[in-house]
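Peer 1: coords below, sequence missing:
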Ligand code: SF4
């Protein structure tokens, strides 16, 4: 499908919170259609551009990953503030994903297991890392829609490139059909 271009390029920003970048890899998997996209879209803040801060009003924000620390909260709120449409991309953003497996275990126990009881910790070291510059870990991992309003959800781990392509072009340009069941994955 060729995207109809308009005079002004649409703007997209993306980020990964508590995610593995697999959803971004799936975004890159749209392959040659990326060339169509960059004709009509400008990527702002994103791991794809390495731009660290949103610099303008954004038409579409794509969020990978759930919310596991206070920096994630800050980034997600900034995306909500600057993006007209905000999308949870993938299982981790929608449900917390793999990182949310810790949600049934008290945070103190998780930290002790990770830093004190792990076989690779230095003998005698009894230190859980903490510093004013380190993000504070939250009591549990939250799906994005529990922190800010999310407009659309694209399920999957990761969502397929075709599903991302169809959703993004439909949202931004009103083109393409609705996602059929063949594009909706929960694995
Ligand atoms: Fe990675 Fe899957 Fe989470 Fe996407 S949904 S960030 S691919 S674990």
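Peer 2: Now that the structure is in, tell me what you want to look at. Note that this is a predicted model, so its numbers are computed, not measured.
Peer 1: how about residue 99, phi and psi?
Peer 2: phi -60, psi -30 (degrees, to the nearest 10).
Peer 1: Name the residues of the protein found near the ligand, please.
Peer 2: Counting by CB under 6 Å from any ligand atom, the residues of the chain close to the ligand are 19-20, 22-23, 64-65, 90-92, 97-98, 157-158. C-beta here means a position set from N, CA and C on the backbone, and glycine is covered the same way.
Peer 1: any chance of these in JSON lines, plus distance to residue 108 and pLDDT?
Peer 2: Below are these laid out as JSON lines (distance: CB to CB, whole Å; pLDDT from 0 to 100):
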{"residue": "19", "distance to residue 108": "25", "pLDDT": "97"}
{"residue": "20", "distance to residue 108": "25", "pLDDT": "97"}
{"residue": "22", "distance to residue 108": "30", "pLDDT": "97"}
{"residue": "23", "distance to residue 108": "30", "pLDDT": "97"}
{"residue": "64", "distance to residue 108": "28", "pLDDT": "98"}
{"residue": "65", "distance to residue 108": "23", "pLDDT": "98"}
{"residue": "90", "distance to residue 108": "29", "pLDDT": "97"}
{"residue": "91", "distance to residue 108": "27", "pLDDT": "96"}
{"residue": "92", "distance to residue 108": "23", "pLDDT": "98"}
{"residue": "97", "distance to residue 108": "22", "pLDDT": "96"}
{"residue": "98", "distance to residue 108": "21", "pLDDT": "95"}
{"residue": "157", "distance to residue 108": "29", "pLDDT": "95"}
{"residue": "158", "distance to residue 108": "32", "pLDDT": "94"}
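Peer 1: just for this protein, where's the confidence low?
Peer 2: 1-7, 175-187 (pLDDT under 70).
Peer 1: Going along the chain, name the strands of it.
Peer 2: Along the chain, counting by DSSP state E, strands occupy 10-16, 41-43, 58-64, 67-69, 83-89, 137-142, 152-154.
Peer 1: Highest mean neighbour count out of those?
Peer 2: Stretch with highest mean neighbour count among the strands of the chain: strand 58-64 (a mean of 26; mean count of other CB atoms under 10 Å).
Peer 1: which residue does the chain bring closest to the ligand?
Peer 2: Nearest residue of the chain to the ligand, counting by CB to the nearest ligand atom: residue 22, 2.5 Å away.
Peer 1: so who does the closest residue to that residue other than its chain neighbours touch?
Peer 2: Sequence neighbours aside, residue 158 is the residue nearest to residue 22 in space, at 4.4 Å (criterion: CB to CB, 6 or more residues apart in numbering). Residues in contact with residue 158 (CB atoms under 8 Å, 6 or more residues apart in numbering) are 22, 23, 25, 26, 90.
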